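**Q** Build me a structure from this.
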Amino acid sequence: MKQLQVSNLKNPIKTTILVPPDKSISHRSLIIGSIASGTTEIKNLLPSEDCLNTLKIIQHLGVEVNSFNNFETVTIYGKGLNSFSEPKSILNCGNSGTTMRLISGLLSAQSFLSILTGDDSLLNRPMGRVIEPLTLMGAKIFAREHNTKAPIVISPGILHGINYEMPISSAQVKSAIMLAALQAKGETKIIEKEKSRDHTERMLSAFGATIKYEKNEVIIGSEQKLHAQNIYIPGDISSAAFFIVACSIIPDSEMVLQKVSVNPTRTGIINTLKKMGVKIEITNKKDISGEPVADLFIKSSDLTGVEIKGNTIPLLIDEIPILCIAMAQAKGKSVIKDAKELRFKESDRIKTMVQVLKKLGVEVVELEDGLEISGLAGEPFKINSTVEWPKHSDHRIAMSIAIAALKANESIIIPGSEWINTSFPNFEKLINQLQMAAV
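**A** Model prediction:
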């Protein structure tokens, strides 16, 4: 990706945007389609680097996949759960933690050896959280640093169901266990302290799996047969969040975001921004492929500080970097707590966002599990020349800085912009659309 430079907007935003397809649902549609019997057709797949790594891996496992019109349509010719063939090479997950964790669950019961690796960033991310429950199920997994970091080696294993209480809420870990449970003997029960996103449960159910729910428990039996489906991928609420915040901090702006996923396990960002004063109207709501989808109408407003913690955090964990930008524009203090999971993302997002906000001239305090942000009450960000931009490999940090640049006192060359393609290939195009819409 070429260097991205973003300048401040002189006028309000008035535009309609179609955000890119949901990354989480795109990953799951590829993986679950690969283990279903029959031909699965996926419309509107996200062609990001992360999702393409998942697609390449299922191809390395012997699954036939065809794509058309820049992945607007992807066809998967699935042959069922036990139809994979042994890969001839190491499976490279790139920068995608979702790929590595979910594929680990899928491969744990296979009759062949698999090795999963990734880029330098992924090799430093915690994998013990998924290796531990899979090992309890009978998987034979070996990894670096006492089975906590990739590369991951998975040997043939015979799995059995378990009752597993999740130490932290994680949709990726929960999904890995569920994919392994499909191939295990007996029932598997997963207990979450706080409910995490439920795309895997919804999609497995759409493909014919029987899943039971009891409060914060997910129960899935073995020997289930999945049948091919036609899937449409809605817009990604995590990607939409960048533009909701952009509209909210530029005075007198209005924006429509079309066909966005409003899954209730993902709408924490909408609820939090509403509490801060952002005017967000949800319209044209409908159910598509088991997922609620709607248009979002946003109007800018004066923002006020807010505190988020506890069970709110899993519902907006990926959106916290851009939420920090909104908080930095609000009146009063905002506080984020119980978000220690941020330290184990593509970067330590607590530490990195503290550095970003200081560079933007914002008073911020780093907490062990979050941040305290003293907002600028709508005043432009003023670049602090004495503070260095953080070095990172984090797409969400880079995009958050780009949105902040729309209301900064000078243009910003976005640090880390080369990582944006991992999740949002047309981000620069949409930023340019915003700047044109505000002329």
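**Q** Show me what stretch 409-417 is in contact with.
**A** Residues from elsewhere that reach stretch 409-417 (C-beta atoms under 8 Å, 6 or more residues apart in numbering): 1, 3-8, 380-383, 389-395, 397-398, 401-402, 404-405. For the C-beta atoms, the positions are set from N, CA and C on the backbone; glycine is no exception.
**Q** what are the ranges of the strands in the stretch 51-200 of the chain?
**A** 64-68, 73-79, 91-92, 114-117, 140-143, 149-155, 163-165, 188-191 (DSSP state E, counting those that start in this stretch).
**Q** what about residue 375, distance to residue 241?
**A** Taking C-beta to C-beta, to the nearest Å as the measure, residue 375 falls 18 Å from residue 241.
**Q** Now render the strands of the stretch 51-200 of the chain as a markdown table, adding mean pLDDT and mean neighbour count.
**A** Shown next, in a markdown table, are the strands of the stretch 51-200 of the chain (pLDDT from 0 to 100; neighbours: other C-beta atoms under 10 Å):
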| stretch | mean pLDDT | mean neighbour count |
| --- | --- | --- |
| strand 64-68 | 94 | 13 |
| strand 73-79 | 97 | 19 |
| strand 91-92 | 98 | 21 |
| strand 114-117 | 98 | 20 |
| strand 140-143 | 98 | 17 |
| strand 149-155 | 98 | 20 |
| strand 163-165 | 97 | 15 |
| strand 188-191 | 97 | 19 |
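**Q** Could you tell me which residues make contact with the closest residue to residue 140 other than its chain neighbours?
**A** Closest residue in space to residue 140, ignoring its immediate chain neighbours: residue 155 at 4.0 Å, by C-beta to C-beta, 6 or more residues apart in numbering. Contact analysis of residue 155 by C-beta under 8 Å, 6+ apart lists 113, 140-142.
**Q** helix or strand for residue 245, which one?
**A** helix 237-249 (DSSP states H and E).
**Q** try residue 31
**A** For residue 31, the host element (DSSP H and E) is helix 23-35.
**Q** can you give me the angle that helix makes with strand 73-79?
**A** Interaxial angle of helix 23-35 relative to strand 73-79 (axes from the mean of the first three to the mean of the last three C-alpha atoms, to 10 degrees): 40 degrees.
**Q** how far out from the middle of the chain is helix 23-35?
**A** Mean C-alpha position of helix 23-35 versus that of the full chain (C-alpha atoms, centre = their mean, to the nearest Å) differs by 13 Å.
**Q** got the angle between that helix and strand 64-68?
**A** Taking the same axes, to 10 degrees, helix 23-35 and strand 64-68 form an angle of 140 degrees between their directions.
**Q** For helix 23-35, name the packing helices and strands.
**A** If contacts are counted by 3 or more C-beta pairs under 8 Å, 6 or more residues apart in numbering; DSSP states H and E, helix 23-35 sits against strand 37-43, helix 49-60, strand 73-79, helix 97-107, helix 171-181, helix 199-206, strand 230-232.
**Q** would JSON lines of these with distance to residue 418 be doable?
**A** Below are the helices and strands packed on helix 23-35 laid out as JSON lines (distance: least, C-beta to C-beta, whole Å):
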{"stretch": "strand 37-43", "distance to residue 418": "27"}
{"stretch": "helix 49-60", "distance to residue 418": "11"}
{"stretch": "strand 73-79", "distance to residue 418": "26"}
{"stretch": "helix 97-107", "distance to residue 418": "18"}
{"stretch": "helix 171-181", "distance to residue 418": "24"}
{"stretch": "helix 199-206", "distance to residue 418": "28"}
{"stretch": "strand 230-232", "distance to residue 418": "30"}
